[in-house]
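> structure for this input, please:
(2 chains)
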2 protein chains.
Amino acid sequence: MADGPVRVASVGLGRWAKTLADSIIKSDRLKIVSCYSRSEKNREAFSGQYGCRAAKSYEELLKDPEVEGVLITTPNNAHTTPILEAAAHGKHVYVDKPIAHTMSDALAIDRGCREAGVTLAVGHSARRLKGNRQIKEIIDQGGLGKLVMAECNFSNDRSLELTPDKWRWYRDGSPGGPLIQLAVHHADNLHYLFGPVKTVTAMAKRLYTPAEIEDVTMTLLEMESGQLCYIGSNWTSQGTYYTYIYGMDANLYFTVDFNFWSRSDVVDQHSHMEIQHRGSSEHKPIPLSQGDMSREQLEEFADCIRKKRQPEVGGPEAIAALAVVHAAIRSAETGRTVVFKEVLEAT
Amino acid sequence: MADGPVRVASVGLGRWAKTLADSIIKSDRLKIVSCYSRSEKNREAFSGQYGCRAAKSYEELLKDPEVEGVLITTPNNAHTTPILEAAAHGKHVYVDKPIAHTMSDALAIDRGCREAGVTLAVGHSARRLKGNRQIKEIIDQGGLGKLVMAECNFSNDRSLELTPDKWRWYRDGSPGGPLIQLAVHHADNLHYLFGPVKTVTAMAKRLYTPAEIEDVTMTLLEMESGQLCYIGSNWTSQGTYYTYIYGMDANLYFTVDFNFWSRSDVVDQHSHMEIQHRGSSEHKPIPLSQGDMSREQLEEFADCIRKKRQPEVGGPEAIAALAVVHAAIRSAETGRTVVFKEVLEAT
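Predicted coordinates for the structure are as follows:
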């Protein structure tokens, strides 16, 4: 077992790679030692900004003995090959959500990492927001009584900026539009809070985006535990993120200021939680502690490597979240309720 | 044409009859001159409280030449006979929402009143909340830009108090539980704000109520105009009412303190509206004026009688709201999206 910070390399050097790197800078448990992008300009810029080597090829990066793990932030439809190659070289893998764009890619990624004996951690950061952590705690302590239902929304207007040169423009690369980009966070968080999904019923429309994908979606989940959950997600209106939980003894209302979504070091300061107790209509504020969802998941990734532990969100959890997306797409296309297991186990 | 306040009689003297009577007391445009309930005790009490005659039979009330209109607040499944009898006696009809419990009853009521040439007004008061009125105004003035979607909730815990001697206990009398009791208000309001419904997709579960009916429901509406709308409605958690409207230029968040729902003279004071403009995450409060949703609809009923006008919510509007309920029930039972017109025109 190596000592010191876990040495990682960033692969795919877009906006989110920098968000992750900004979190790593503040941590003494990881260190970025290398990076790679097909664009020489991007890798030189990243290398300069974060003080790491820039590999000239992905193979060079994977053969670098100092690199213990890779951070994959390539487009959703370009996760599988770099991950399987990393696993084949014995490198541990952190990949941003969703795990992949198709169920078969997701299963191949999970299997490849398991067979290679490397850690696979998937960046479903939303469950690590302090508000969602606190919801989980309050539920587990019985503070809401029996659970009734949940309502969630994650929306922003980014589909309006899409152009045909962007992979998110296309149904093939980004199936479901806001479902796979935004709603997938709530799909994971609802698994975290309520357990497994039983059936999925959804509607999806393309209203205003210039792109191929749908831009307005609504998904209903029936959980194995009985509750109903709603996820609203559009890609054409103002930034919105909330999780409302309805219990027999109290309701919780958790809202995040979306403008701080990619500022993981302060996002919890720009979040609000309120509780409404039985018989009362008062929404009473609950103070939230301050965390860092990105840093937490990256430090957990480092711990998993050093201590050979399973990450909180590994292959199975990320596959379940992606299966909600594909079940919703299938339901919206067919106008029928979809049995979740049929999507989860079909491929 | 008679002069002075329109003289009405209350029929079915439960909680909501008193809410309506309390509104009429404050108005100089209606006067309660008579009342009837099968329970002598109830009609004597109502008569004493509101200073009106107590008819010994419904026939006596209908033959009373002073009575111009009746206010029907009998159980949902006991609307049809008293309404058709009233119409046959030339009395105008105000009936509380929903218009009836079945589509065939609703159509019979509408037809009976039309053929008798009497006004039929249906008490879908929620669209008359000042918040919903203001949403409509802001939409019409283009303040939200193109409409994207809406999310609504109307819930309370009243199914937990149900006992087998209550009509609301039974699926026959109260099909859909919270769908027909609560969600039907949003169904009407969404017609008001977005226009006609195209398809309906829903889930409904019976989780905690001792009664026969479902107690947790979620309904998705695809509107003819393209937008998607969600209505959450359960009957086992704290009182909740909100309408959120998402537009390309701004979102509106309208919330009512449910504890004041039946206090129509002050409910608007206990309501809150916020707007979130494009590019901003600030929720900016919008002041609401003070109205009285019950009084407004009763005074409109009086005006319709005097001026031979059509009420804002008459037979067709109320039938459309009820059709959403029955389409949702059918969708939840079959696991399929239901074409709205097939429910609206089937019976």
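
> which element follows the helix or strand of chain A with the lowest mean pLDDT toward the C-terminus?
Within chain A, confidence by mean pLDDT, DSSP states H and E is lowest for helix A:15-25 among all helices and strands, at a mean of 93. Later in the chain than helix A:15-25, the nearest helix or strand by DSSP states H and E is strand A:30-36.

> taking the centroid of chain A, which residue is nearest it?
A:H124 (2.8 Å; Cα atoms, centre = their mean).

> which pLDDT value belongs to that residue?
Predicted confidence (pLDDT) for A:H124: 95.

> contacts only, for it.
A:H124 sits next to A:97, A:184-185, A:188-189, A:297, A:313, A:317-318, A:321 when contact means Cβ atoms under 8 Å, 6 or more residues apart in numbering or on different chains. Every C-beta, even on glycine, is put in place using the N, C-alpha and C of the backbone.

> what's near enough to touch the closest residue to A:P311 other than its chain neighbours?
Sequence neighbours aside, A:A121 is the residue nearest to A:P311 in space, at 3.9 Å (criterion: Cβ to Cβ, 6 or more residues apart in numbering or on different chains). If you count contacts by Cβ under 8 Å, 6+ apart, A:A121 has them with A:92-95, A:297, A:300-301, A:304, A:311, A:313-314.

> re the thing from before, roughly how far does the residue nearest to the centre of chain A sit from chain B?
Using Cβ to the nearest Cβ, to the nearest Å, A:H124 is found at 22 Å from chain B.

> excluding chain neighbours, what is closest to that residue?
A:D188 (4.1 Å).

> neighbouring contacts of the helix or strand hosting that neighbour?
Assessed by DSSP H and E, A:D188 sits inside helix A:184-194. Here helix A:184-194 makes contact (Cβ under 8 Å, 6+ apart) with A:97-98, A:124-127, A:132, A:135-136, A:139, A:147, A:150, A:152, A:154, A:197, A:221, A:223, A:225, A:227, A:229, A:231, A:233, A:243, A:245, A:313, A:317-318, A:320-322, A:324-325.

> chain center to it, what's the gap?
10 Å (Cα atoms, centre = their mean, to the nearest Å).

> can you list the strands that the next helix or strand after that helix pairs with?
Next along the chain after helix A:184-194, taking DSSP H and E as the criterion, comes strand A:197-205. Sheet pairing for strand A:197-205, assigned by DSSP bridges, gives strand A:216-223 (antiparallel), strand A:338-339 (antiparallel).

> got the angle for the first one vs helix A:184-194?
Here the directions of strand A:216-223 and helix A:184-194 differ by 20 degrees (axes from the mean of the first three to the mean of the last three Cα atoms, to 10 degrees).

> and A:A9, what's its pLDDT?
So A:A9 comes in at 98 (pLDDT).

> can I assume it sits in a helix?
No: secondary structure of A:A9 (DSSP: H, G, I helix; E, B strand; the rest coil): strand, not part of a helix.

> about what we covered before: tabulate the contacts of A:A121 in a markdown table, adding columns for secondary structure and pLDDT.
Compiled in a markdown table, these are given as follows (DSSP: H, G, I helix; E, B strand; the rest coil; pLDDT from 0 to 100):
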| residue | secondary structure | pLDDT |
| --- | --- | --- |
| A:H92 | strand | 98 |
| A:V93 | strand | 98 |
| A:Y94 | strand | 98 |
| A:V95 | strand | 97 |
| A:Q297 | helix | 96 |
| A:E300 | helix | 97 |
| A:F301 | helix | 98 |
| A:C304 | helix | 97 |
| A:P311 | coil | 98 |
| A:V313 | coil | 98 |
| A:G314 | coil | 98 |
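
> can I get these in a markdown table with neighbour count?
Formatted as a markdown table, the contacts of A:A121 follow (neighbours: other Cβ atoms under 10 Å in any protein chain shown):
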| residue | neighbour count |
| --- | --- |
| A:H92 | 25 |
| A:V93 | 26 |
| A:Y94 | 28 |
| A:V95 | 28 |
| A:Q297 | 25 |
| A:E300 | 19 |
| A:F301 | 25 |
| A:C304 | 22 |
| A:P311 | 20 |
| A:V313 | 25 |
| A:G314 | 18 |
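
> what helix or strand is the residue nearest to A:P311 on?
Counting by DSSP H and E, A:A121 is part of strand A:120-123.

> circling back: need the max-distance pair from the contacts of A:H124.
Greatest spatial distance in the contacts of A:H124: A:V184 and A:Q297, 15.1 Å, computed using Cβ to Cβ.

> pull the residues that contact the helix of greatest length in chain A.
Counting by DSSP state H, the longest helix found in chain A is helix A:315-334. Counting by Cβ under 8 Å, 6+ apart, helix A:315-334 makes contact with A:97-100, A:102-103, A:106-107, A:109-110, A:113-114, A:120, A:122, A:124, A:175-176, A:179-180, A:183-184, A:187-188, A:191, A:196-197, A:200-204, A:214, A:217, A:219, A:221, A:337-338, A:340, A:343-344, all of which sit outside it.
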